[in-house]
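*Asks:* Model the structure of this input:
(chains A, B, C and D)
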2 protein chains.
Amino acid sequence: MERNKEKGKFEQQQDQELPLGSVGFMMGVTYRKLTALLQQRLKDYEITPEQWSVLYTIVRSQGLIQKEIADRTHKDKPATTRILDHLESKGLIFKEVGKQDRRSFLVYCTDKGRKVIEATIPIEAGMTDVVKAVLSENELVHLMDMLMRIQAHASEMLEQESRE
Amino acid sequence: MERNKEKGKFEQQQDQELPLGSVGFMMGVTYRKLTALLQQRLKDYEITPEQWSVLYTIVRSQGLIQKEIADRTHKDKPATTRILDHLESKGLIFKEVGKQDRRSFLVYCTDKGRKVIEATIPIEAGMTDVVKAVLSENELVHLMDMLMRIQAHASEMLEQESRE
DNA sequence: AATATATAATTGTTTATGCAACTATATGAT
DNA sequence: ATCATATAGTTGCATAAACAATTATATATT
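*Replies:* Sure thing, here's the model as predicted:
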């Protein structure tokens, strides 16, 4: 009887402490927290974290086609189109129709776009510092390795399972 | 000259292999891949992963107020309101006005809601198996621990920095 | 050459997040 | 008791992801 009561109390407590213990949800929560912090820090530059990642990719490699940008940033084509729209309307990038392949556009950053990235690279780097404040160098490396393994395997599974 | 050429080739390759190495972005990509897989597997039940997490919380603890659900699922109040709207329109939950506090609603699941969760718990558990296919038991524990540390620290930083 | 098929990009729809503004009810201080 | 403040919930707006369908151009097949 007493043990039952105790167990009841324990379970009730667990209920409050561990509402959703699965990896996927934890990862989502952590990602959103990190992103919100980065967004906060990028506020003065009027660019979102996802826009930053796309613009960064463009600054590093001028003249990519959208499909290639989509692959490198792990976005699908519609998402890429729309983020590029935002970047274009802010005057940070421009497009040019492909000469050989007229289906595609070559994407370039403007001077303004390059300057935004140059100015914000330290901010993005600061996010790694935030993580390193609670993780050792080894742990960070291990974390990245695990994330890559999970990501690769989940992609594989998804492709497999959606193919029928 | 030759060395320069080689280096150019190497950098170009790096360019393709490591487009965005930062933790935050990697975590977002991994989260989305896991979520997409879960969504695929939940397809027959007409419920999304985020809806699942909210419904699961309700099934485990009947009569929570929305604020409490928001806290446990790490969502803000608007997001919670809208997800509850979806669950309600599918007949999986219902609300009841609070007796003591008439600002709040007590949320309960319907029979249908409970059955959906009971039927899909194995599917959600299957996501852990997907992760365990590429991570040892120890690594998974370590990963969860690191995620919690990062999440807590990022929350702290965000609160600190948004407070001025 | 004509036709089928693949690919690049766009548009529309649904779901979800984050932020700000708002309503209604509770609580605290004078 | 009144007035200020806090809290629960909702609504509106911007951004983004996932999926399906569409358009336009390339490539492959016969």
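
*Asks:* quick check, stretch A:60-70 touching chain B?
*Replies:* Yes. Judged by CB under 8 Å from any CB of the partner chain, stretch A:60-70 and chain B are in contact via A:Arg60, A:Ser61. In short, each C-beta sits where N, CA and C put it, glycine included.

*Asks:* and that stretch, how far apart are its ends?
*Replies:* Across stretch A:60-70, the straight-line distance between its terminal residues is 14 Å, by CA to CA, to the nearest Å.

*Asks:* What is the longest helix seen in chain A packed up against?
*Replies:* Across chain A, the helix with the greatest residue count (assigned by DSSP state H) is helix A:137-162. If you count contacts as 3 or more CB pairs under 8 Å, 6 or more residues apart in numbering or on different chains; DSSP states H and E, helix A:137-162 packs onto helix A:111-132, helix B:23-42, helix B:111-132, helix B:137-162.

*Asks:* Single out the most deeply packed of those helices.
*Replies:* With neighbours defined as mean count of other CB atoms under 10 Å in any protein chain shown, those peak in mean count at helix B:23-42, which reaches a mean of 21.

*Asks:* Give the rounded mean pLDDT of stretch A:122-129.
*Replies:* Across stretch A:122-129, the average pLDDT comes to 94.

*Asks:* what comes into contact with that stretch?
*Replies:* With contact meaning CB atoms under 8 Å, 6 or more residues apart in numbering or on different chains, stretch A:122-129 is reached by A:Leu34, A:Leu37, A:Leu38, A:Arg41, A:Leu42, A:Trp52, A:Tyr56, A:Leu140, B:Ser22, B:Val23, B:Gly24.

*Asks:* still on that earlier bit, next, format the helices and strands packed on helix A:137-162 as TSV and append distance to A:Thr48.
*Replies:* Below are the helices and strands packed on helix A:137-162 laid out as TSV (distance: least, CB to CB, whole Å):
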stretch	distance to A:Thr48
helix A:111-132	11
helix B:23-42	12
helix B:111-132	28
helix B:137-162	15
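
*Asks:* still on that earlier bit, how about the contacts of stretch A:122-129, which pair is most distant?
*Replies:* Using CB to CB, the contacts of stretch A:122-129 span at most 21.9 Å, a distance reached by A:Leu42 and A:Leu140.

*Asks:* which parts of chain A sit against DNA strand C?
*Replies:* A:32-33, A:35-36, A:39-40, A:65-68, A:70, A:77-78, A:80-82, A:84-85, A:95, A:98, A:101, A:103-105 (CB under 7 Å from any atom of the strand).

*Asks:* If we ignore the residues flanking it in sequence, what's nearest the spatially most central residue of chain A?
*Replies:* Nearest to the geometric centre of chain A sits A:Glu50, at 6.3 Å (CA atoms, centre = their mean). Nearest non-adjacent residue to A:Glu50, counting by CB to CB, 6 or more residues apart in numbering or on different chains: A:Ile83, 6.2 Å away.

*Asks:* Would you mind giving the domain segments of chain A?
*Replies:* When chain A is parsed with the TED database, its domains come out as A:37-133, A:135-163.

*Asks:* closest one to DNA strand D among these?
*Replies:* Smallest distance to DNA strand D across the domains of chain A (CB to the nearest atom of the strand): 3.2 Å, for domain A:37-133.

*Asks:* Quote the end-to-end distance of the closest one.
*Replies:* 15 Å.

*Asks:* what's the answer for stretch A:95-115, then?
*Replies:* 18 Å.

*Asks:* got a list of contacts for it?
*Replies:* A:55, A:58-59, A:62-67, A:69, A:84, A:87-88, A:91-94, A:117.

*Asks:* What subset of those is buried?
*Replies:* For the contacts of stretch A:95-115, a burial check counting by 16 or more other CB atoms under 10 Å in any protein chain shown picks out A:Leu55, A:Ile58, A:Val59, A:Leu64, A:Ile65, A:Gln66, A:Ile69, A:Leu84, A:Leu87, A:Leu92, A:Ile93, A:Ile117.

*Asks:* coming back round to it: using a markdown table, lay out the domains of chain A together with distance to B:Glu159.
*Replies:* Shown next, in a markdown table, are the domains of chain A (distance: least, CB to CB, whole Å):
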| stretch | distance to B:Glu159 |
| --- | --- |
| domain A:37-133 | 10 |
| domain A:135-163 | 20 |
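
*Asks:* how about A:Ser53, what does it touch?
*Replies:* With CB under 8 Å, 6+ apart, A:Ser53 has these contacts: A:Thr73, B:Leu20, B:Phe25.

*Asks:* And it, how far from A:Ile83?
*Replies:* From A:Ser53 over to A:Ile83 the distance is 9 Å, taken as CB to CB, to the nearest Å.

*Asks:* which residues are in contact with both of the two?
*Replies:* Contacts common to A:Ser53 and A:Ile83, judged by CB under 8 Å, 6+ apart, are absent.

*Asks:* just for chain A, where's the confidence low?
*Replies:* Within chain A, the segments meeting pLDDT under 70 span A:1-19, A:163-164.

*Asks:* what does it put close to DNA strand D?
*Replies:* A:48-51, A:75-76, A:78-79, A:82-83, A:86, A:100-103, A:162.

*Asks:* Return the closest of those residues with respect to chain B.
*Replies:* Checking those against chain B by CB to the nearest CB gives A:Ser162 as the nearest, at 5.8 Å.
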